[in-house]
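Novice: Pasting the sequence and the predicted model now:
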Amino acid sequence: MATILLFLLLSAILTAEAQQQQSIVSPDSSLTPTSTNSSWPSPSGLYAFGFYKQGNGYAVGIFLAGIPQKTVVWTANRDNPPVPADVTLNFTSDGRLVLQSTQGTVTIVDGGATSASMLDTGNFVVYNSHNNVSESNQSTGIFRALMQQDGFLALYPLGTPYTREYGYWSSEHNVIGAQNNATLNLGVDDGFLRLYSHNRDPNGAWSVIWSPSGLDRCTPMGICGLNAYCIVIDEGSDCNCLPGFEFVDKNKTTSGCTRNFIVEICEEKRVTYAMEAVLSTTWENGTYSVPLLMSSQTDCQNACLEDCNCEAALFQDGACRKQRLPLRFGRRSTQELEKMTDNFKEELGRGSFGIVYKGSIRNGQKFVAVKRLEKLLADREREFQTEMKVIGRTHHKNLICLLGYCHDGPNRLLVYEYMSNGSLADILFTPEKKLSWDERIEIACNIARGILYLHEECMSQIIHCDIKPQNILMDENRCAKISDFGLAKLMKLDQSKTLTGIRGTRGYVAPEWHRRVPHVTVKVDVYSFGIVLLEIICCRKSVDCNLPEKEAILEEWTYNCFEHGELSKLLNDEEVDNGQLERMVKVALWCILDDPSLRPSMKKVLLMLEGTMDIPIPPNPTSVLSVI
């Protein structure tokens, strides 16, 4: 980002004394960038006018030559690219100051001067160069400082009107003051004004004597450019692109972001779009229509998807504002999520990669669950990125809804809809919360529908890889929703198996993982579902060392009871429909067969659970024969 250096010279008016201290430049004099004669110094050597290094070439301007930093004060033609080493700066006989090269002539001063002089005041007197002060990197910046009519100094983003809406900072009093032996520099490099002082000692250095207080590094509006938002990281900041965008210049994250995909014609019905939520960000309100009153974020999203002019929608306090791109002035900080969760006060649960906290939005009217990954190790970052990719492609009533995320420096947070009844494990393995038989059948079908959607119905086939009761969440109506997609695998449309290392939770991991086969399929989820289904039937964990040895391993105990016609033993004489019980057990036993090719698809699993498909007698889980 460009750095604005506004030098306020204490001797701005040329005094008689200053005029006597001149270094006269006569007509027909010249400078070249690489020779010893590359600049014209002031009498004391503090200032110089001439060439200085700029990027891969050179620029012409005034700079402080008598100090180690050689700070640039003013630049000629500041928005032009650097010039090559073969140029010559001529002060012509007719009083013009021109740059001459093989590419042509560039006029800096039109003419009429009979001489020139570099003064110790910092003025090169052919004209008053300080009438047009410039940034030290010589290009137009993205901020503007304005001395307003009310006497206050204010900062605005470039290209905005000078109104209160866009002024992100203003002075409270006159901030300029220094002793007479100092040259002052009022600078902007990150959207903030700073007042510098430099004693005219050749061995001195710049020092900050004033800067604004109480502001974070995302305060300057537009610091990250278009389609990007600023995030606060401790005492600094960083820029992030919106989902589906990438930086215009990867080496300059303040350059803004552009789409990384081709936009199709909206009117063509075959084109489908998905929207991704970015929570707790603020943007300029650039709506092209009257804000719509909406009851939910989903309604706002649908309203945008149905409008070909809508490329983004801002939803806040029940108002939906449809917008066109580009978006600008985006910002967000982890502090907002800390506020949302009351500084991560109420813990809902924890796993190997992070902790889930309870939070609230809309002034406490809606609860959310915020998952914070504890450490930014490779595995945590991979889980965060996977969860974002996977859940952003899904929308199903039996899958948890991702409301947004936060990607602030080392912080990785995911914000989900809040599930008031906790996890299936919380209910299933707590005797006081025991579910009825009908509730358990419905929960099993809910889970099966969610997995079926992942395997066969969403845009990209997804293997969840970690189906277990702890990852099944229950809403206020005890509707089951699958969560935690951090270990999931995305499949291509024409892909039926994938190469991956072992993943999942012990006790629910399919046998093929342990055999280290080169590829796995969606059947690993079918196996895990089979184990979960047995736990739902029996309201117990799949392995319980507190039980008699023959009952400790649930799948072995279940097949033994099935084989001997003693299924009632699984339920401790709980009164249930025997036909439903047998159907549920048979489905589970088919799902946990050792050979993945023998396991049914989730579509068949759901049909069997619902009683619309006959279920053959399952073989022993280690059998290699099949009739299904």
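Specialist: Cool, got the structure. Computed from a prediction, not measured in an experiment: that's the story for all the values here. Residues are numbered from 1 along each chain as shown.
Novice: any low-confidence regions in the stretch 101-250 of the chain?
Specialist: For the stretch 101-250 of the chain, the stretches with pLDDT under 70 are 106-112, 126-153, 156-159, 161-217, 232-236.
Novice: in the protein, which spans are helices?
Specialist: 16-20, 297-305, 334-340, 378-391, 424-428, 437-452, 511-514, 523-538, 549-552, 554-563, 578-591, 602-609 (DSSP state H).
Novice: Quick check: which of these is nearest to residue 349?
Specialist: Closest to residue 349 of the helices of the chain, according to C-beta to C-beta: helix 424-428, at 8.4 Å. C-beta: built from backbone N, CA, C; applies to glycine.
Novice: domains for the chain, by residue range?
Specialist: 4-131, 217-284+327-417, 424-609 (automatic domain parsing).
Novice: Out of the helices of the chain, which one sits most buried?
Specialist: helix 523-538 (a mean of 25; mean count of other C-beta atoms under 10 Å).
Novice: Now do that helix against helix 602-609, angle only.
Specialist: With axes from the mean of the first three to the mean of the last three C-alpha atoms, to 10 degrees defining the directions, helix 523-538 sits at 20 degrees from helix 602-609.
Novice: Give the rounded mean pLDDT of helix 523-538.
Specialist: For helix 523-538, the mean pLDDT works out to 96.
Novice: show me the contacts for residue 318.
Specialist: Shown in contact with residue 318 (C-beta atoms under 8 Å, 6 or more residues apart in numbering): 293-295.
Novice: Can I have the buried ones of the residues you listed as a PyMOL selection?
Specialist: Applying 16 or more other C-beta atoms under 10 Å to the contacts of residue 318 leaves a buried subset, and the PyMOL line that selects it is:
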select buried, resi 294
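Novice: Which of the contacts of residue 318 fall in strands?
Specialist: residue 293 (DSSP state E).
Novice: Going by distance to residue 328, which of the contacts of residue 318 wins?
Specialist: residue 294 (23.4 Å).
Novice: I'd assumed residue 274 was in contact with residue 243.
Specialist: No. Using C-beta atoms under 8 Å, residue 243 is not in contact with residue 274; the gap is 9.8 Å.
Novice: Which of the contacts of residue 318 scores worst on pLDDT?
Specialist: residue 295 (78).
Novice: residues contacting it?
Specialist: Residue 295 sits in contact with residue 318, where contact means C-beta under 8 Å, 6+ apart.
Novice: Distance-wise, check residue 85 relative to residue 619.
Specialist: 83 Å (C-beta to C-beta, to the nearest Å).
Novice: likewise residue 94?
Specialist: Applying C-beta to C-beta to residue 94 and residue 619 gives a distance of 103 Å.
Novice: Next: residue 348.
Specialist: 41 Å.
Novice: Residue 117 now?
Specialist: Taking C-beta to C-beta, one finds residue 117 at 101 Å from residue 619.
Novice: Just give the number of residues close to residue 483.
Specialist: As a burial measure, residue 483 scores 26 neighbours (other C-beta atoms under 10 Å).
Novice: sorry, back to before: tell me which of the contacts of residue 318 is nearest to residue 60?
Specialist: residue 294 (57.1 Å).
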